[in-house]
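K.L.:
Okay, sequence plus prediction incoming.
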Amino acid sequence: MEVVTGKAAFPGIAIGKVAWYSRGRYQKDKRTAKDVLQEKRILRQNVREVLDYLNRAALSTIPEVEKTIRQQAEILQGEYYLPAVLEVIEQQKVTASYAVQITRDEMMTTFKELSDPAIKRRIQDIREISSMLLGSLAQSGSSLDFGEEPVILVSDMLYPSDIIEMKKEKILSLVTRQGSEISHAAIMAKTMDVPALFDVPGTRDWEGHYAIVDGYTGNLYLDPSNELIHEYELRQSEDKKEREELLKLRTAEDVTLSGQRIGLYANIGSMDDMNSALYYGAEGIGLLRSEFQYLNRADYPKEDELYLEYRRVAQGMKGKICVIRTADLGADKQSDYMQIPEEMNPIMGNRGIRLSLDRKNMFKAQLKAIYRASAFGNLAVLFPMITSLEEMDQIDKILKEVKDGLRKKRVPFRDIPIGIMVETPAAVLIADELARRVDFLSIGTNDLTQYTLAMDRQNPSLKRKYDDHHPAVLAMIRMTVEAGHRHNCKVYICGEIAADTALTETFLRLGVDALSVVPACILPVRRQVRKTAL
Ligand code: PEP
Ligand code: MG
């Protein structure tokens, strides 16, 4: 038996077989078809799904867009697109997704030479249906396959785009050599509700070995003895009992022993996590990280696609609020199609609102989708990485254009609350001015800590120095709460620190209005709130 100790990023116990994940290997595997007939079946199934989606979208849009959608559906059912993709699968023995990419690229190259505007329009349609098909395939047949049984996934490093492709039910635990507790990959692991460790020196040789992951101590036992397995099985069942005990708090109020109330909301990364938020009794969704919808695809999502997703969450939350953060892309969250020029220092680079304001079409499409969906529930919009009032001026201008446009077309929408992420020291220092212009402030302590301490939140060599309880960080939170309250703005924390029960009392004393945490942390924080006396 070998024991290695890493850093525990999320609690829990996992017992099972190790699968070694290497990005390169799986990307290659993803191209080669193991079973050509199966790939063809997967393709046809996904074509049906995209057609269903197009038909639904056509019913809920304006006539001009409806016409385009119908044309796209025709191409998808027509005699040249689908047969061409099927032929590539057959001839080149590749997966459905890879065949879609090859067909799309070939058709675009052929059509590009022609100047006929009708053909140009077709190129656009082919790009769009290919990207919808790739999106659909990414969610179904082509997700990463680690075999029948769920596994403990060990890797060097995980990116958000890797985790998106994993099926939650196939993962017992995530273990990485690099990364940090507040990297985006770790946040996604927490949302999966599985124990996660990082800083574990795992290797490819571990593949297929049995292991135990202890997400409380950070220990990983490779080839454990039967005795240890037995001991951990008992702990696992105690863990289960404790979780069941916590579940009794699902409908309890978030009130301290001295009667002070605090809101408890959920952070989610995909619409599917909405159900966990409701299950654990969140008051609403305090942070929907919408950028994940933009990853692992061939092109930007279209307004209609976003709209349908936001409408689903607006309706699904049944009157509870959902705060949609506009895409915080750039840095560690980007895809090839975005063509973000390489940066010397991406963390300080063109990310969040900066990128959105540079790419107005992308930004407007997202805002239109959010406002259209607002008619179906209780939504709010949140802007990431704000550092200046000029950015607010630009946002206001774009919001006005979006709303005027919708009014003109008589599309119903609500004037929903708008908020900003306070996650840079600049935003804290001008919080008074910012608070005058918005309805709420959401403190993003993950970024706020890294920018306040000037320490990259993902740099493993800084992990002993990186201190999110640093007095400077707590002072930043206090300043933001005070500034917000001076202008009747609600202030809440949505960084990972919000789930740190060692700080719950501090946050209550600072007068923070709400905390937004990954769904699985709602109940532990609720229990802490309920036993605090101020
Ligand atoms: C934060 O920075 O605290 C935050 C919530 O945003 P993200 O972790 O997505 O950068
Ligand atoms: Mg952030």
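P.N.:
Looks like it came in fine. Numbering: from 1, shown residues only. Ligands and ions are numbered 1, 2, ... in the order given.

K.L.:
Could you use CA atoms for every contact and neighbour count after this?
P.N.:
Noted.

K.L.:
what's near enough to touch the residue nearest to residue 331 when sequence neighbours are not counted?
P.N.:
Once flanking residues are discounted, residue 331 sits nearest to residue 346: 4.6 Å by CA to CA, 6 or more residues apart in numbering. Contacts for residue 346 were tallied using CA atoms under 8 Å, 6 or more residues apart in numbering; they are 330-332.

K.L.:
Now do the phi/psi pair for the most centrally placed residue in the chain.
P.N.:
Nearest to the mean C-alpha position of the chain, by CA atoms, centre = their mean, lies residue 269 at 2.8 Å. Taking degrees, to the nearest 10, you get phi -120, psi -10 for the backbone angles of residue 269.

K.L.:
Surely it touches residue 292?
P.N.:
Yes - between residue 269 and residue 292 there is a contact under CA atoms under 8 Å: 6.5 Å.

K.L.:
OK, now which residue of the stretch 1-150 of the chain is nearest to ligand 1?
P.N.:
As assessed by CA to the nearest ligand atom, ligand 1 sits closest to residue 9 within the stretch 1-150 of the chain, at 14.3 Å.

K.L.:
One more: the chain?
P.N.:
residue 444 (2.9 Å).

K.L.:
check contacts around that residue.
P.N.:
421-423, 493-495.

K.L.:
Over to residue 300?
P.N.:
294, 337-338, 362.

K.L.:
Give me the subset of those that lies in helices.
P.N.:
Counting by DSSP state H, the part of the contacts of residue 300 found in helices is residue 362.

K.L.:
of the contacts of residue 300, buried ones?
P.N.:
Applying 16 or more other CA atoms under 10 Å to the contacts of residue 300, the neighbour count classes 294, 362 as buried.

K.L.:
And the contacts of residue 300, which two are furthest apart?
P.N.:
Distance extremes for these: the farthest pair is 337 and 362 at 12.6 Å, using CA to CA.

K.L.:
Could you check how far the residue of the chain closest to ligand 1 is from residue 262?
P.N.:
To residue 262, residue 444 is 18 Å away according to CA to CA, to the nearest Å.

K.L.:
thinking again about what came up before, nearest residue to the residue nearest to the centre of the chain in space, please, no chain neighbours.
P.N.:
residue 289 (4.9 Å).

K.L.:
Please report how far that neighbour lies from residue 165.
P.N.:
Using CA to CA, one gets 17 Å for the distance from residue 289 to residue 165.

K.L.:
More neighbours: these two, which one.
P.N.:
More crowded of residue 289 and residue 165, by other CA atoms under 10 Å: residue 289, with 20 against 16.

K.L.:
Give me the phi and psi for the more buried one.
P.N.:
phi -80, psi 90.

K.L.:
Is it bridged to anything, and to what?
P.N.:
residue 325 (DSSP bridges).

K.L.:
Surely it and residue 273 touch.
P.N.:
No - taking contacts as CA under 8 Å, residue 289 lies outside contact range of residue 273: 11.1 Å.

K.L.:
Run a quick neighbour tally on the nearest residue to residue 225 once chain neighbours are set aside.
P.N.:
Nearest residue to residue 225, sequence neighbours excluded (CA to CA, 6+ apart): residue 1, at 6.8 Å. A count of nearby residues for residue 1, using other CA under 10 Å, gives 9.

K.L.:
any idea how far the residue nearest to residue 331 lies from residue 329?
P.N.:
11 Å.

K.L.:
show me the contacts for the closest residue to residue 32 other than its chain neighbours.
P.N.:
Distances taken as CA to CA, 6+ apart put residue 94 closest to residue 32, at 4.5 Å, once the chain neighbours are dropped. For residue 94, the contact set (CA under 8 Å, 6+ apart) comprises 31-33, 36, 88.

K.L.:
got the contact list for stretch 214-222?
P.N.:
1-14, 195-197, 206, 209-213.

K.L.:
Quick one: end-to-end distance for that stretch.
P.N.:
End-to-end distance of stretch 214-222: 12 Å, with CA to CA as the criterion.

K.L.:
Which positions in that stretch come out as buried?
P.N.:
Of all the residues in stretch 214-222, those buried under the rule 16+ other CA under 10 Å are 214-216, 218-222.

K.L.:
just checking, what packs against the host helix or strand of residue 46?
P.N.:
Assessed by DSSP states H and E, residue 46 sits inside helix 36-59. Helix 36-59 is packed against helix 63-77, helix 81-92, helix 96-112, helix 117-139, helix 303-316, with contacts defined by 3 or more CA pairs under 8 Å, 6 or more residues apart in numbering; DSSP states H and E.

K.L.:
And the third one, what does it pack against?
P.N.:
The reference is to helix 96-112. Applying 3+ CA pairs under 8 Å, 6+ apart, we find helix 96-112 packed against helix 36-59, helix 81-92, helix 117-139.

K.L.:
okay if I get those as TSV plus mean neighbour count, distance to residue 394 and mean pLDDT?
P.N.:
Shown next, in TSV, are the helices and strands packed on helix 96-112 (neighbours: other CA atoms under 10 Å; distance: least, CA to CA, whole Å; pLDDT from 0 to 100):
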stretch	mean neighbour count	distance to residue 394	mean pLDDT
helix 36-59	18	30	88
helix 81-92	17	41	93
helix 117-139	19	29	77
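
K.L.:
hmm, back to that, got a pLDDT number for the residue of the chain closest to ligand 1?
P.N.:
On pLDDT, residue 444 comes in at 98.

K.L.:
again with the one 4 residues further on
P.N.:
Confidence per residue is given as pLDDT, and for residue 448 that number is 97.

K.L.:
Repeat that for residue 30.
P.N.:
At residue 30, pLDDT is 65.

K.L.:
for residue 24, same thing?
P.N.:
Residue 24 is given a pLDDT of 67.

K.L.:
do the same with residue 115
P.N.:
69.

K.L.:
near ligand 1, which residues of the protein show up?
P.N.:
Residues of the chain lying close to ligand 1 by CA under 6 Å from any ligand atom are 423, 444-447, 494-495.

K.L.:
returning to what we had before: out of the contacts of residue 444, who's nearest residue 432?
P.N.:
Out of these, the member with the shortest distance to residue 432 (by CA to CA) is residue 422, at 11.6 Å.

K.L.:
which residues touch the nearest residue to that closest one once chain neighbours are set aside?
P.N.:
Spatial nearest neighbour of residue 422, excluding adjacent residues (CA to CA, 6+ apart): residue 443 at 4.6 Å. By CA under 8 Å, 6+ apart, the residues touching residue 443 are 421-423, 477, 480, 491-495.

K.L.:
Would you convert these into CSV that also reports secondary structure, pLDDT and distance to residue 77?
P.N.:
CSV is the format used below for the contacts of residue 443 (DSSP: H, G, I helix; E, B strand; the rest coil; pLDDT from 0 to 100; distance: CA to CA, whole Å):
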residue, secondary structure, pLDDT, distance to residue 77
421, strand, 98, 44
422, strand, 98, 48
423, coil, 98, 47
477, helix, 98, 55
480, helix, 98, 55
491, strand, 98, 50
492, strand, 98, 49
493, strand, 98, 48
494, coil, 98, 45
495, coil, 96, 46
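
K.L.:
now, among those, which is nearest to residue 131?
P.N.:
Of the contacts of residue 443, the one sitting nearest to residue 131 (CA to CA) turns out to be residue 421, at 30.5 Å.

K.L.:
still on that earlier bit, quick one: which of the buried residues of stretch 214-222 is nearest to residue 382?
P.N.:
residue 215 (32.4 Å).

K.L.:
still on that earlier bit, out of the helices and strands packed on helix 96-112, which gets nearest to residue 465?
P.N.:
Closest to residue 465 of these is helix 117-139 (CA to CA; 38.3 Å).
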